[in-house]
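[1] Just the structure for this:
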Amino acid sequence: MKRWIIIGGLAAAVWLWTHRDPVVATTLADGGLAYPGYHITALEDYEMDARVLSRRDYRDDREAALAPTDLALGWGPMADEAVVAGIDISQNHRWYFWRAATLPIPAREIEQHSANVHVIAASAEAAKALAGVKVSDRVRLAGKLVEVNADDGWHWRSSLSRTDTGASACELLWLERLEVL
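    Presented below is the predicted three-dimensional model:
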C-alpha cells in the first residue's frame, strides 16, 4: 500500500511539472518589456517566414525560465524540403548542429540561411502557438530581438546578424506572434 502511495505521489508530481502553465512576459504601455526578475531591452524588430528544422524544449538550464524552447529555423534555400532532406540537423545545450555526407548546397549558404532561435513568449497566445509548432512546419514569427539582464547580474544578448556562426550567433526572440503557414 505504501509503495502505491509513493508511486501515485511521484506520478502526480511529474504531471504537475509537465502541465504547468508557461510563464510569459508582457509588453508595457511605454513599450518596455517586462518579465519577473529581468530587464529586457528590445534591440531590433524581427519578422521571419521559415521552416522549422528542429525544435528543442529545455527545463533544467538557467535560460529555460525565460526561453524554454529553441527553434532551429531555415529560410531561403534552407526552407527547401529537398535541400533539408540531405542534412542531419540536431540541437543540444542551446546549440544547433548540422552535418551532411554530401552537401546539397554550399556550407556557407547553410550557415547564412539557418539559425538557432531562443524564444521568449511575450503572451499566453504566443506561448500556446509556440507549443504547437512541429519540425517541418512553415512558420511566420514576429517580435523583437532582445537583450536580457537579470536582477542578479546574469546577461543574455541576441545576435543581430544573419551571417554569424558559433558562440553568440543565436537569436534571442521576444515572440509576439507566431503563425503556422
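
[2] Not counting the host helix or strand of Leu175 itself, show me its contacts.
    Using DSSP states H and E, Leu175 maps to strand 171-180. Residues from elsewhere that reach strand 171-180 (CB atoms under 8 Å, 6 or more residues apart in numbering): 25, 27, 33, 40, 42, 46, 67, 115-123, 126, 129-130, 132-133, 137-148, 156-159. Bear in mind the C-beta positions are built from the backbone N, C-alpha and C, glycine included.

[3] try stretch 154-161
    With CB under 8 Å, 6+ apart as the criterion, stretch 154-161 contacts 43-44, 62-63, 66, 115, 118, 145-149, 168-173.

[4] Please produce a PyMOL select command covering the buried subset of the residues you listed.
    Per 16 or more other CB atoms under 10 Å, the buried members of those correspond to this PyMOL selection:
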select buried, resi 43+63+66+115+118+145+146+147+148+169+170+171+172+173
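
[5] tell me the centre residue of the protein?
    Asp70 (2.6 Å; CA atoms, centre = their mean).

[6] Helix or strand: which one has that one?
    Applying DSSP H and E, one finds Asp70 within strand 69-74.

[7] any residues touching that strand, and which ones?
    48, 50-58, 84, 89, 91, 94, 96, 113-119, 130, 133, 139, 141, 170.

[8] filter those to the buried ones?
    48, 50-56, 58, 84, 89, 91, 94, 96, 113-119, 130, 133, 139, 141, 170.

[9] Cheers, nothing more for now.
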